[in-house]
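>>> okay, here's the prediction I keep looking at, along with the sequence it came from:
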Amino acid sequence: MTVWVVTGTGTEVGKTVTTAALAAVAVRAGRSVAVLKPAQTGVAPGEPGDVDDVVRLAGDGVTGMELGRFPEPLAPGTAAARAGLPPVRPAQVAEAAEKLAASHDLVLVEGAGGLLVHFDENGGTLADAARLLGAPVLVVARAGLGTLNSVQLTAEALRARGLTQTGVVIGSWPGEPGLAERCNVADLPVVAGGGLLGAVPAGAGALGAAEFREAAGGWVGAELGGVWDAAEFARRWRVPAP
């Protein structure tokens, strides 16, 4: 696919670092990559945003684009209204992604928060943009307690809209996972109705760019261009029977 949509099950789940890993893997494979952030919130003009983080980690050759920037850390539609700025609409997202796809091998569209966060006063969402693009959606999820419900709700929302879910990536896998995290390795693919396609280590975003790019392929599976092994990961973190 030329365009992938990356959504989270909520905020602060590791979506931007996962997007950077996908970009880094594609660049390493010789592909030209663009990253599109429809709406950046909580960042003032001139400050680095999520796109800047992706480019810093994945490589200067990655094309980055924002469609809207709103200073308050709120849902994009609310942040736009409070700032007195025009909102970003799903049709704009689709149009921008299609233009980038004409000159890049891969376009990654990184959402804000979850799949159904409102972009505008009409309730437009990232899901609407994915539908217009006919693009598959990769879900980035938390590792720990509470993630199963969020992943299942996101998966059901995707299916209800006729959208294709690529799979699930754990956006921040702890160095010392507890019982909930380890059980979720087996349970996440079940509730998602799709494969577990990767696990990005906690703190990966703080790595130096060269180290990040070298390691990124080991965090995502072959479906996403990497070498991460889901079966081996599951064996390593298998929970013994009670």
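Thanks, I have it. Residues are numbered from 1 along each chain as shown.
>>> how about the strands in this protein?
Under the criterion DSSP state E, the chain carries strands at the ranges 3-8, 33-41, 63-70, 106-114, 137-141, 165-173, 196-201.
>>> ok, and the closest non-adjacent residue to Val139?
Val168 (4.9 Å; Cβ to Cβ, 6 or more residues apart in numbering). C-beta here means a position set from N, CA and C on the backbone, and glycine is covered the same way.
>>> show me what the one you found is bridged to.
Val139, Leu196 (DSSP bridges).
>>> per-residue pLDDT, it?
At Val168, the predicted lDDT confidence score is 97.
>>> list the contacts of it.
Val168 sits next to Leu138, Val139, Val140, Ala141, Val151, Leu188, Pro189, Ala192, Gly194, Gly195, Leu196, Leu197 when contact means Cβ atoms under 8 Å, 6 or more residues apart in numbering.
>>> how close does Ala91 sit to Ala210?
As for Ala91, its distance to Ala210 is 39 Å (criterion: Cβ to Cβ, to the nearest Å).
>>> settle it for me: which of those two has more neighbours?
Using other Cβ atoms under 10 Å as the criterion, Ala91 and Ala210 rank with Ala91 on top: 12 against 9.
>>> distance of the more buried one from Asp120?
10 Å.
>>> also Arg159?
24 Å.
>>> which of these two has more neighbours?
Asp120 (19 against 12).
>>> tell me who's in contact with the residue nearest to that one when sequence neighbours are not counted.
Residue nearest to Asp120 in three dimensions, not counting chain neighbours: Pro87, with 3.8 Å by Cβ to Cβ, 6+ apart. Pro87 sits next to Ala39, Gly68, Pro76, Gly77, Ala80, Ala81, Phe119, Asp120, Glu121, Gly124 when contact means Cβ under 8 Å, 6+ apart.
>>> in this structure Thr9 contacts Val117, no?
No: the criterion here is Cβ atoms under 8 Å, and Thr9 misses it with Val117 at 11.3 Å.
>>> OK, contacts around Ala231?
Ala231 neighbours (Cβ under 8 Å, 6+ apart): none.
>>> Val137 against Gly167, yeah?
No: contact criterion Cβ under 8 Å: Val137 and Gly167 do not qualify, at 9.6 Å.
>>> quick one, which of these two is more surrounded?
More neighbours surround Val137 than the other of Val137 and Gly167, with 27 against 22 (other Cβ under 10 Å).
>>> mind listing what the more buried one touches?
Trp4, Val5, Val6, Thr7, Leu115, Ala127, Ala130, Leu158, Leu163, Thr164, Gln165, Thr166.
>>> thought the fourth one was touching Val140?
Yes: using Cβ under 8 Å, Thr7 makes contact with Val140 at a distance of 7.1 Å.
>>> which residues are in contact with each of the two?
Contacts common to Thr7 and Val140, judged by Cβ under 8 Å, 6+ apart, are Lys15.
>>> ok, how many other residues are close to Arg161?
15.
>>> ramachandran angles for it?
Main-chain dihedrals, Arg161, degrees, to the nearest 10: phi -100, psi 10.
>>> quick check, pLDDT for it.
Arg161 is given a pLDDT of 97.
>>> quick one: the spatially closest residue to it that is not a sequence neighbour from Ala44, how far?
Distances taken as Cβ to Cβ, 6+ apart place Ala127 nearest to Arg161, at 5.5 Å, with adjacent residues excluded. Counting by Cβ to Cβ, the gap from Ala127 to Ala44 is 28 Å.
>>> which of these two has more residues huddled nearby?
Between Ala127 and Ala44, counting by other Cβ under 10 Å, Ala127 is the more crowded of the two (23 against 10).
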